[in-house]
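Novice: kindly generate the corresponding structure for this input.
(one chain, ligands or ions: 1)
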Amino acid sequence: MTATDPLPGRLRDAVYALRTARLGLERRRLDYGRETEERAERLAGVLPASVAELREYEREYEALEWFHETYADRVAEIHDAGVATNTTHWRDGVTLYVVCRALEVETAVETGVLFGSFDAHVLAAMEANGGGTLHSVDLPGGPPGPFEYGHLIPDRCRERWELHRGDARAVLPDLLESVGPVDLFLHDSDHRLPHMRFEYETALSHLEPGGVLASHDVRLSRLFDRFTEENGLQSCVVCDTGIGRQSR
Ligand SMILES: C[S@@+](CC[C@H](N)C(=O)[O-])C[C@H]1O[C@@H](n2cnc3c(N)ncnc32)[C@H](O)[C@@H]1O
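Specialist: The predicted structure is shown next:
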């Protein structure tokens, strides 16, 4: 054990397994209909946009036929291949779509691609914004089955997407240094607390003033709430995604 690593590996894995099991129970109790209905109100407390404007972005998303057709086809391909999708639910993708539209996000960095549900939503918003680049980090290798990382990303968005292969611990510091400051950082890789904290801390110093630190699976622990509070970010949680915004 060291000062920066207070729990030995096996114990940390056991704690993570417990948290994941608890999260599974909490998700069953969570009223996702209500979470979704309140998305615009909650985001309006964090973003420089009114509830009406944010609802308009939600409607715009609903009407993106080119996006939904490709997305549904590719989800079906993954299901047909019989591999576990374990990909982020589209209701969290919508939250990121709305954030990227409201802030006109130009430069975004994300960790944890897998089939690319979040990536697809961020890139669709960039398409609507008329510009932007998403840099995504995932481990060497790829998702299960005969697929590449980011299978859900529609072809027309792909030129805005750059995939960086490697452990986020190794890749993130230099990547953020070279492409930052960023309008959006999104964590969805390794959800063990030391790793989440590392990503949040690394990203925070590379955020544009007014930029967003977003994270999936924030209900696993109090880390996101504590981190945003300690660092003076306004924040909210919608479904399973936390959105924290640095003041300007
Ligand atoms: C829950 S999935 C991501 C889901 C994805 N964001 C989506 O929208 O569908 C987690 C991903 O994080 C990746 N991952 C895990 N640990 C990582 C690390 N240390 N660095 C980079 N990626 C990592 C895994 O390979 C996996 O693809």
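Novice: find me the pLDDT at the residue nearest in space to the middle of the chain, would you?
Specialist: Nearest residue to the geometric centre of the chain (CA atoms, centre = their mean): Leu186, 4.2 Å. Looking at Leu186, its pLDDT reads 98.
Novice: who in the protein is up against the ligand?
Specialist: Proximity of the chain to the ligand, by CB under 6 Å from any ligand atom, involves residues 86-88, 111-118, 137-139, 167-169, 188-190. Where you see a C-beta, it was placed from the backbone N, CA and C, and this is true even at glycine.
Novice: hey, where'd the helices end up in the chain?
Specialist: For the chain, the helices defined by DSSP state H occupy 9-29, 32-37, 39-44, 51-62, 65-80, 90-102, 117-129, 168-179, 193-204, 223-230.
Novice: how about the last one: buried residues?
Specialist: It stands for helix 223-230. The neighbour-count check on helix 223-230 (16 or more other CB atoms under 10 Å) flags 223-224, 227-228 as buried.
Novice: same thing with the third one?
Specialist: Using 16+ other CB under 10 Å as the burial criterion, the residues of helix 39-44 that qualify are 39-40, 42-44.
Novice: what angle sits between the longest strand along the chain and helix 223-230?
Specialist: In the chain, with assignment by DSSP state E, the single longest strand is strand 207-216. Calculated by axes from the mean of the first three to the mean of the last three CA atoms, to 10 degrees, strand 207-216 forms an angle of 160 degrees with helix 223-230.
Novice: what pairs with strand 207-216, and is each one parallel or antiparallel?
Specialist: strand 182-187 (parallel), strand 241-245 (antiparallel) (DSSP bridges).
Novice: looking at this structure, which helix or strand is least sure?
Specialist: Taking mean pLDDT, DSSP states H and E as the measure, the chain has helix 9-29 as its least confident helix or strand, at a mean of 71.
Novice: just how off-centre is it within its chain?
Specialist: In terms of CA atoms, centre = their mean, to the nearest Å, the centre of helix 9-29 is set 20 Å apart from its chain centre.
Novice: I'd like to know which elements that helix is packed against.
Specialist: helix 193-204 (3 or more CB pairs under 8 Å, 6 or more residues apart in numbering; DSSP states H and E).
Novice: could you rerun that using 6 Å?
Specialist: On a contact count with 3 or more CB pairs under 6 Å, 6 or more residues apart in numbering; DSSP states H and E, helix 9-29 meets no helix or strand.
Novice: picking up where we left off before, and the helices of the chain: which comes nearest Pro154?
Specialist: Comparing the helices of the chain by their distance to Pro154 (CB to CB), the top pick is helix 65-80, with 4.2 Å.
Novice: which residues are in contact with that closest one?
Specialist: 85, 124, 151-152, 154 (CB atoms under 6 Å, 6 or more residues apart in numbering).
Novice: of the residues of the chain next to the ligand, just the buried ones, ChimeraX syntax please.
Specialist: Of the residues of the chain next to the ligand, the buried ones can be selected in ChimeraX as follows, counting by 16+ other CB under 10 Å:
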select :87,88,111,112,113,114,115,116,117,118,137,138,139,168,169,188,189,190
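Novice: from the residues of the chain next to the ligand, which land in strands?
Specialist: Filtering these for strands - DSSP E - leaves 111, 137-138.
Novice: export those residues to a markdown table and append columns for distance to Leu18.
Specialist: Conversion of those to a markdown table gives the following (distance: CB to CB, whole Å):
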| residue | distance to Leu18 |
| --- | --- |
| Thr111 | 23 |
| Val137 | 27 |
| Asp138 | 26 |
